[in-house]
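[1] Structural data only, the sequence is not supplied:
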C-alpha cells in the first residue's frame with residue numbers, strides 16, 4: 001500500500017531519444033517515474049510510457065455433473081503488461097508494438113480444491129505479437145518425430161520456412177490494402193478484411209487437424225509406459241539443464257535474427273539512414289522471401305553436415321551479412337541496400353537450425369516440454385528486451401549498434417555450435 005519510490009524524473013524521460021519507451025510496472029502505486037499516470041499512455045518528449053495493471057476477480061458456480069465442485073471466488077493472478085511501441089504514429093493511425101505480459105502467482109489458490117479458476121500457483125510470461133509460444137514448439141516436435149532421423153533438419157527447416165512465408169503473405173496483404181484503398185476506407189472497414197481472411201485460414205487449420213495422428217515416438221513410449229511420470233518441466237529443469245541452457249542460447253540468436261533483421265531494420269534504416277519507406281518495405285519483403293529459402297537451406301545442411309557444422313557456418317554468415325548491410329549504409333551506399341538486405345535475410349535462415357538442435361537436445365519423454373520452455377523463455381526475455389537494448393546501445397555504438405548486437409549473438413551461436421560438435425546428433429545433452 002505504500003507509494004512507489006521515485007527513481008526516474010520527468011526530466012530524464014524528456015531527455016530520452018524520440019521513439020524510446022519507458023515501462024513502469026509500479027504504475028498503480030504511483031509509479032517509479034514522475035511522468036507515469038496509472039492506466040494512461042503518455043507521450044513525454046516523444047517517449048511512450050504505457051503501463052498496464054490487470055487484477056481479475058469474481059465468482060464461479062458449478063452445476064449439473066460438476067456440481068460437486070461447489071463455488072469458488074476470490075482475486076485472480078496479478079497481470080503486469082506494457083506495450084513497447086516499435087511504431088507509434090497517432091496522427092497517421094498507425095502503430096506496431098510488442099507487449100510482454102507477466103502473470104504473478106498472487107491469486108487465490110488451494111491445492112486441496114479441485115476448482116481453482118483464479119490462481120494458478122505459477123509464474124507465466126507471454127510476448128504478444130512476437131512469438132507463437134505453444135504452437136511452434138509443438139509443431140517442430142511433431143514433424144521431427146514423424147520423419148526419419150536423417151530428415152529432421154529438412155522437416156524443421158521446412159516448417160520454419162512456412163511460418164516465414166505466412167509473415168510475408170501478411171505483410172504483402174497489408175501493403176496491397178494500403179495501396180489499393182484510401183486511408184479513410186481502411187479506417188472504415190477494409191482493416192477487417194485481413195482478419196477475416198486469417199480467421200478462415202484458422203478454421204481450415206483446425207479442420208485439417210482431424211487427420212493428424214500421434215507421432216510414432218509418442219505411441220511407442222505410451223505402449224512401453226515411458227511417459228514422464230512427474231511434471232515434465234520439473235523433470236526438464238532437474239535432469240536436463242545443459243540442454244535448456246544450450247537451447248536458450250541458440251534461441252537468443254534466433255530472436256536477434258528475427259527481431260533485429262526482419263522486424264526492426266525497416267524502421268531503423270529509415271530513421272538512421274534516411275531510406276525511403278517504399279524502398280525499406282521492398283527490401284524487407286525480399287529479405288523475408290530470402291529467409292524462406294534460407295530456412296530450407298539450413299534444414300538441408302543439418303541433414304548433410306550435422307547440427308554443429310550447420311549452426312557454425314550459419315552463425316558466421318549471419319554476422320558477416322549484418323555488418324555488410326549496416327556497413328554499406330554507413331558508407332553511403334544506399335543504392336545497395338535492397339541487395340544487402342536480401343542477403344542478410346537469406347543468412348537469417350540459420351534460425352532453421354535451432355529447432356533441429358533443440359529436438360536433438362531433449363529425450364522424447366520431455367522433448368516438447370523442454371523445447372517449449374527453452375524457446376519461450378528465450379523469446380520472452382530477449383525478444384522483449386531487444387528494442388530498448390538497441391536504443392541504449394545506439395548511444396554508444398551509433399548506427400552500427402544493430403549489427404554489433406546481431407554479431408554478438410552470432411558469437412553465442414558459434415559457441416553453441418562448437419559445443420555440439422563434441423557430441424553426435426540425436427544424443428541427449
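    Everything's here; your move. Predicted, not measured: the structure shown is a model, and the values here were computed from it.

[2] lowest-pLDDT helix or strand in the chain?
    Comparing helices and strands within the chain by mean pLDDT, DSSP states H and E singles out strand 42-44 as the least confident, with a mean of 49.

[3] What does residue 106 show for phi and psi?
    Residue 106 has phi and psi values of phi -100, psi -10 when expressed as degrees, to the nearest 10.

[4] give me the beta-bridge partners of the spatially closest residue to it that is not a sequence neighbour?
    Nearest in space to residue 106, with sequence neighbours left out and distances taken as C-beta to C-beta, 6 or more residues apart in numbering, is residue 78 at 4.6 Å. From N, CA and C alone the C-beta is placed, and that goes for glycine too. With DSSP bridges applied, the residues forming beta bridges to residue 78 are residue 104.

[5] can I assume residue 78 is in contact with residue 104?
    Yes. Under the criterion of C-beta atoms under 8 Å, residue 78 is in contact with residue 104, at a separation of 4.4 Å.

[6] These two - which one has more neighbours?
    Shown here are residue 78 and residue 104; by other C-beta atoms under 10 Å, residue 78 has more neighbours (17 against 13).

[7] and that one, what pLDDT?
    Note on residue 78: pLDDT of 76.

[8] What of residue 54?
    At residue 54, the predicted lDDT confidence score is 69.

[9] And the helices in the stretch 301-429 of the chain?
    307-330, 337-347, 353-361, 367-397, 401-420 (DSSP state H, counting those that start in this stretch).

[10] So which of those helices is nearest residue 209?
    Closest to residue 209 of the helices of the stretch 301-429 of the chain is helix 367-397 (C-beta to C-beta; 16.3 Å).

[11] Next, the angle from that closest one to helix 353-361.
    With axes from the mean of the first three to the mean of the last three C-alpha atoms, to 10 degrees applied, the angle from helix 367-397 to helix 353-361 works out at 140 degrees.

[12] model confidence over helix 367-397, on average?
    In the prediction, helix 367-397 has an average pLDDT of 85.

[13] Give me the buried positions along it.
    Of the residues in helix 367-397, those scored as buried under the neighbour-count criterion (16 or more other C-beta atoms under 10 Å) are 367-384, 386-387, 390-391, 393-394.

[14] Assumed residue 275 was part of a strand.
    No. According to DSSP: H, G, I helix; E, B strand; the rest coil, residue 275 belongs to no strand; its state is coil.

[15] Pull up the gap between the nearest residue to residue 397 once chain neighbours are set aside and residue 410, please.
    Once flanking residues are discounted, residue 397 sits nearest to residue 404: 5.4 Å by C-beta to C-beta, 6+ apart. Noted for residue 404: a distance of 11 Å to residue 410, by C-beta to C-beta, to the nearest Å.

[16] for residue 80, helix, strand, or coil?
    The three-state label for residue 80, taken from three-state DSSP, comes out as strand.

[17] what's the burial count for it?
    Count around residue 80 with other C-beta under 10 Å applied: 18.

[18] Remind me which helix or strand the nearest residue to it once chain neighbours are set aside belongs to.
    Nearest non-adjacent residue to residue 80, counting by C-beta to C-beta, 6+ apart: residue 102, 4.6 Å away. In this structure, residue 102 is located in strand 94-104 according to DSSP states H and E.

[19] Look up how far residue 382 lies from residue 240.
    Counting by C-beta to C-beta, the separation of residue 240 from residue 382 is 21 Å.

[20] Cheers, nothing more for now.
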